[in-house]
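Trainee: Requesting a structural model of the entry that follows:
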Amino acid sequence: MPQYIPLQVLSTFSLLQSTSTVKGLVQSAKQQGYPALALTDIDVMYGIVDFYNACRQADITPILGITLNLVGSQLTDQTFSLVALAKDQTGYQNLMRLTTMKQTARADEPLTLAQILPVLGHLVVLTPAKDSELGALLLQNAADRAATWLAQLREHVDADSLYLGISLDQAPVLRTTVVGFAQQQHLPIVALDPVDYLQSTDYFAVSVLRAIDRGQQIDNPELLKETPGGHYLRSADAIAQDYQQLDLMTAVAATVEIADQCQVELVFQAPQLPKFPTPEDQPANVYLRQLCQTGLKKRLADLPEGTDTQPYFDRLEHELQVIDQMGFDDYFLIVWDVMNYAHEADITTGPGRGSAAGSLVAYALKITDVDPLQYDLLFERFLNAKRANMPDIDLDIPDNRREQVLNYVHDKYGHDRVAQIITFGTLAAKQALRDVGRVFGLSSYDMSDWSAAIPNQLHITLQQAYDGSQRLQNLIADSSKNKLLFETAQRIEGLPRHYSTHAAGVVLS
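Mentor: This next block holds a predicted model:
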C-alpha cells in the first residue's frame, strides 16, 4: 500500500487558524512514521526555516509550501485558495516572491491569479479540495469556465507539476465531479486532506481561535467541545484505507510522487553585508581610516594638555587592522553614516552601551561617547579576530525621531534593500482569557471578574495564576462553562495572535 504524505498543513503561523506549533507538527509526524511532511501556511512563510530545521533534525523530508488566497479570475467576487510547493531552490525563491506579492498587495487591489502566473515555475501547484475556484465552478456545472481557468495554470506551471486535489470530507458529488474532470483534462488527482491541528480533540480550540479572528461568538461551547474534528494529522494507513474503499489509491500514490519532486536544500550562508557608497569609490578600509584619524584628532583636542596621545594612535591602528581583517569596514561606515545623520539632524543619541563602548574606532566616529582608554575598556570584548562574531552596536534614538532615521536609511540604501523586522504578539494569560470570554459570550462585567482574579505579575502564566489565586480557583469551580473557558484559554495561551513591526530592528542587504 503506498505511503501517504500530508501536503496541505497549517501551523500557528497561520495566525488564529491552527493550534499546531512547528515543533509539535514535526514531533507528531515523526511518531506516526511519516517520511515527509509539508508546511503550507496561509499567505505567509514565517515558520518555514524553523520547520525545515526541525524536519532535518527528525530525519523527515521537509516540503516547503504556501496556501495562497487569491481573488477569483472567473468568479471575481470571491476569494479562493491555491497550494504551491517548492521543488528546488528556485521554487523556494518563487514561494518568497509569491508571499511578498501577497503581503505587499494593496487592500483595495488584492492579488489575482493572473499576477502570480509568471512566478509558478519550479513549483508543484495543487488545487485544494476545499475553497478552490475550480471546485466552485464545477459545483455550478460550469465545466467550460473551469477548463478556461485551468488552461491559464497549465500554460505556466511546469509539466507534470499540476494536480487537482480531492479529500475524504469533500462532498461525494463534488469529489466524483473533480475526478471525472481530471480524467477529461488528462491531469492527475492528489489526496489533499487538510491538517489544521494535531488531534481530533483540538477541533474545539481551533474553532475558538477562528471565532476570535472573526470577532464572533460560539452559542453553545459545551456542546461544540464534544464534537471531534476531522482535519487532524491522521495516520497514513488510516487515510490510505479510506481512499482504498473509494477506489482512489492513485490520489494517495500522487502524494508520494509530489514529495519525491520536492527536494529543497536551504543554504544558511554568512550574512551578506551591504557595501557603503564611499566618495570616489575609495576602498572602504581607506575611507574608514581617514574618518577615524580625523575624528580621533578632534576627540584628542579635548584631553588635558601634555597627555600622551601615542597609545590612542596605537590602539586605533590595532582596531582598524582587526576590523579590516574580519571584513567589517562597511559595517562601521554604515553605522557611522546613520549616527552622523542623526547628529546633523540634531537628533539626540545615546552615549553607547554594551561591549561597543570598548571600541576606540566607535569613539572616534562619534558612534559612542565613551573614551575606552580612559576607562580601560577592552576592544576584544567587542571584536575578536579569534571569534568570528558579527559586531553588535546598539543605537539609542528617541521614539519620536526614529521614523526620521528609518526614512533616511530607506532613501540612502533603497526600498528594495531595507526592511523592518516582524514581531509577534502572543496570547498572554489575561489576553487569552479575555478573548475566550468574548467568544463564550461573557459580559464585560464577568470579564472584569476574571481579569481581577489574575495576580498582577509580569509574564504570569494561567497555571501560575491558578496556583496563586483562590479567587480564580473559585471562579473556575463555579460552573462547567467556567472550567471550559479556563481550559480553553490555557490551550491557546502563548500562541501568536497578531504581528506588528518591531520598534527598532532593521535589515539592510
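
Trainee: contacts and neighbour counts: CA atoms only from here.
Mentor: Noted.

Trainee: Would you map the strands across the stretch 351-500 of the chain?
Mentor: 418-426, 496-508 (DSSP state E, counting those that start in this stretch).

Trainee: What lies in contact with the first one?
Mentor: Contacts of strand 418-426 from elsewhere in the structure, counted by Cα atoms under 8 Å, 6 or more residues apart in numbering, are 409-410, 493-502, 504-509.

Trainee: Out of the strands of the stretch 351-500 of the chain, the one nearest E133 is which?
Mentor: strand 496-508 (28.1 Å; Cα to Cα).

Trainee: quick one: contacts of the closest one?
Mentor: Counting by Cα under 8 Å, 6+ apart, 12-13, 15-16, 273-274, 413, 417-427 sit against strand 496-508.

Trainee: Residue most distant from the centroid, this structure?
Mentor: When distances are taken from the C-alpha mean of the chain, G306 lies farthest, 57.7 Å away, according to Cα atoms, centre = their mean.

Trainee: helix/strand/coil for that one?
Mentor: coil (DSSP: H, G, I helix; E, B strand; the rest coil).

Trainee: that older thread, in ChimeraX, how would I select the buried members of the contacts of strand 418-426?
Mentor: In ChimeraX, a selection of the buried entries from the contacts of strand 418-426 looks like this (16 or more other Cα atoms under 10 Å):
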select :409,410,493,494,495,496,497,508
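
Trainee: shaky segments in the protein?
Mentor: 1-2 (pLDDT under 70).

Trainee: I'd say D329 and L288 touch.
Mentor: Yes - taking Cα atoms under 8 Å as the definition, D329 is a contact partner of L288 at 6.7 Å.

Trainee: now do the same end-to-end measure for stretch 483-501.
Mentor: 36 Å (Cα to Cα, to the nearest Å).

Trainee: distance between that stretch and the chain's centre?
Mentor: 18 Å (Cα atoms, centre = their mean, to the nearest Å).

Trainee: swap in stretch 189-207?
Mentor: Mean C-alpha position of stretch 189-207 versus that of the full chain (Cα atoms, centre = their mean) differs by 21 Å.

Trainee: Could I have the CA atoms of it written out in PDB?
Mentor: Extracted as PDB, the C-alpha positions of stretch 189-207 are listed here (Å, rounded to 0.1, in the frame of the first residue of the first chain):
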ATOM      1  CA  ILE A 189      -5.600  13.900  -8.900                       C
ATOM      2  CA  VAL A 190      -4.000  14.000  -5.400                       C
ATOM      3  CA  ALA A 191      -5.200  13.300  -1.900                       C
ATOM      4  CA  LEU A 192      -5.200  16.700  -0.300                       C
ATOM      5  CA  ASP A 193      -6.700  16.300   3.200                       C
ATOM      6  CA  PRO A 194      -6.100  19.500   5.200                       C
ATOM      7  CA  VAL A 195      -4.200  19.200   8.500                       C
ATOM      8  CA  ASP A 196      -5.300  22.100  10.700                       C
ATOM      9  CA  TYR A 197      -4.500  20.600  14.100                       C
ATOM     10  CA  LEU A 198      -2.800  17.500  15.600                       C
ATOM     11  CA  GLN A 199      -5.600  15.700  17.400                       C
ATOM     12  CA  SER A 200      -9.300  15.400  16.700                       C
ATOM     13  CA  THR A 201      -9.900  16.900  20.200                       C
ATOM     14  CA  ASP A 202      -8.100  20.100  19.100                       C
ATOM     15  CA  TYR A 203     -11.000  21.000  16.900                       C
ATOM     16  CA  PHE A 204     -12.700  23.000  19.700                       C
ATOM     17  CA  ALA A 205      -9.700  25.100  20.500                       C
ATOM     18  CA  VAL A 206      -9.200  25.800  16.800                       C
ATOM     19  CA  SER A 207     -12.900  26.800  16.500                       C
END
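
Trainee: didn't N94 look like it was pressed against V119?
Mentor: Yes - under the criterion of Cα under 8 Å, N94 is in contact with V119, at a separation of 5.8 Å.

Trainee: between these two, which one's more packed in?
Mentor: Legend: neighbour count by other Cα atoms under 10 Å for N94 and V119, higher for N94 (22 against 17).
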